[in-house]
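In: Fold the following, please.
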Amino acid sequence: MAIDAKDIRILVINGSPRKNSNTAQLAEKAAEGARSLGAETVIYDIAGKCYEHCRESCKAYHTRTGNCILDDDLHDLANEWIRADGIIYAVPLFHMGMPSAMNAIITRLGAIVFGHTEGKVPRLLKVGGCIVQGNTHYGGQEVVMEYLNAHLLLMNCLPVTSDMPEAYIGTGAQADNNGKIDREDVVFENSFMLGVRVAETAKIIACGREALADSLPDEYYYDRNRIFQPPRK
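Out: Residues are numbered from 1 along each chain as shown. Coordinates of the predicted model:
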């Protein structure tokens, strides 16, 4: 059966702890880009949710169960993440880094996705990209982009970016103290095209995986319907 764009699912994670932020606008533009190809697209906002920091004292638990021992909102996000064919991270800059909640999410996500595996780690091949915005041109956007791209590689995923020359390793943005995004038209277009690139590359990978189904190892066909659950009380 041929794969249509509507069979591709893109998850856009708005990593801003504030609602109605500039990051939320950029996340929406990326979602519009993915939707323009017909891809099913979900925006997940971390604002108002709770993510505790990884304690790294529960390896036996998540290795045995595939879940995190902490009972908070990570499980809902992990369920969206594992189902997606493409992931777009949109985050603001906090002290040349990401908000602490995003660091907690990524650390714990890696632990539970790879903690409960038998044999080889799944080759997830989710397509990913990032949008990072701060208050200055040199506030650390590329530092965070490099971190997110490394995270995607570590998760056996494929990082992509928007169109050059404006975007090299990610889509960067700057907002002044009044909240106005600098070169708004260019940044919005880059965010939109990142959504397009993630969706179209995800479709290419899905079609290739289907065409090579008889020759690829099982690691490429992981359980996308896997359910992460909080610990039983």
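In: Centre of the chain to stretch 108-116, how far?
Out: 15 Å (Cα atoms, centre = their mean, to the nearest Å).
In: So for that stretch, mean pLDDT?
Out: Average pLDDT, stretch 108-116: 82.
In: now stretch 38-54
Out: Rounded mean pLDDT across stretch 38-54 is 95.
In: CA atoms of it as CSV?
Out: This file holds the C-alpha atoms of stretch 38-54, laid out as CSV (Å, rounded to 0.1, in the frame of the first residue of the first chain):
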residue,chain,number,x,y,z
GLY,A,38,-1.2,16.9,4.4
ALA,A,39,0.6,15.4,7.4
GLU,A,40,-1.3,14.8,10.6
THR,A,41,0.2,17.4,13.0
VAL,A,42,0.0,17.7,16.7
ILE,A,43,1.3,20.6,18.8
TYR,A,44,2.2,19.6,22.4
ASP,A,45,2.6,22.5,24.8
ILE,A,46,4.7,22.0,28.0
ALA,A,47,3.3,25.1,29.6
GLY,A,48,1.2,24.3,32.7
LYS,A,49,2.5,20.7,32.9
CYS,A,50,4.9,19.1,35.4
TYR,A,51,8.2,17.3,34.6
GLU,A,52,10.4,16.2,37.4
HIS,A,53,14.1,16.0,36.9
CYS,A,54,15.7,12.6,36.2
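In: What residues sit buried inside it?
Out: 39-41, 43-47, 51, 54 (16 or more other Cβ atoms under 10 Å). To be clear about C-beta, it is placed using only N, CA and C from the backbone, and glycine gets the same treatment.
In: so of the residues you listed, which ones are in strands?
Out: Of those, the ones assigned to strands by DSSP state E are 40-41, 43-45.
In: What distance do you get for the closest residue to Val187 other than its chain neighbours to Arg55?
Out: Counting by Cβ to Cβ, 6 or more residues apart in numbering, Val187 lies nearest to Ala173, which is 4.5 Å off, once chain neighbours are set aside. Using Cβ to Cβ, to the nearest Å, Ala173 is found at 33 Å from Arg55.
In: of those two, who's got more company?
Out: Ala173 (26 against 10; other Cβ atoms under 10 Å).
In: picking that back up, which one among the buried residues of stretch 38-54 gets closest to Thr63?
Out: Cys54 (14.4 Å; Cβ to Cβ).
In: isn't the closest one right next to Thr107, touching?
Out: Yes: taking Cβ atoms under 8 Å as the definition, Cys54 is a contact partner of Thr107 at 4.3 Å.
In: got the buried residues for stretch 142-159?
Out: Quick answer for stretch 142-159 (16+ other Cβ under 10 Å): 144-145, 147-149, 151-152, 155-159.
In: about what we covered before: ok, of the buried residues of stretch 38-54, which one's closest to Gly179?
Out: Ala47 (16.1 Å).
In: ok, that closest one - contacts?
Out: 14, 16-19, 21 (Cβ atoms under 8 Å, 6 or more residues apart in numbering).
In: Would you convert these into JSON lines that also reports distance to Pro231 and pLDDT?
Out: Listed next are those as JSON lines, based on distance: Cβ to Cβ, whole Å; pLDDT from 0 to 100:
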{"residue": "Asn14", "distance to Pro231": "27", "pLDDT": "98"}
{"residue": "Ser16", "distance to Pro231": "28", "pLDDT": "95"}
{"residue": "Pro17", "distance to Pro231": "25", "pLDDT": "94"}
{"residue": "Arg18", "distance to Pro231": "30", "pLDDT": "90"}
{"residue": "Lys19", "distance to Pro231": "29", "pLDDT": "87"}
{"residue": "Ser21", "distance to Pro231": "32", "pLDDT": "91"}
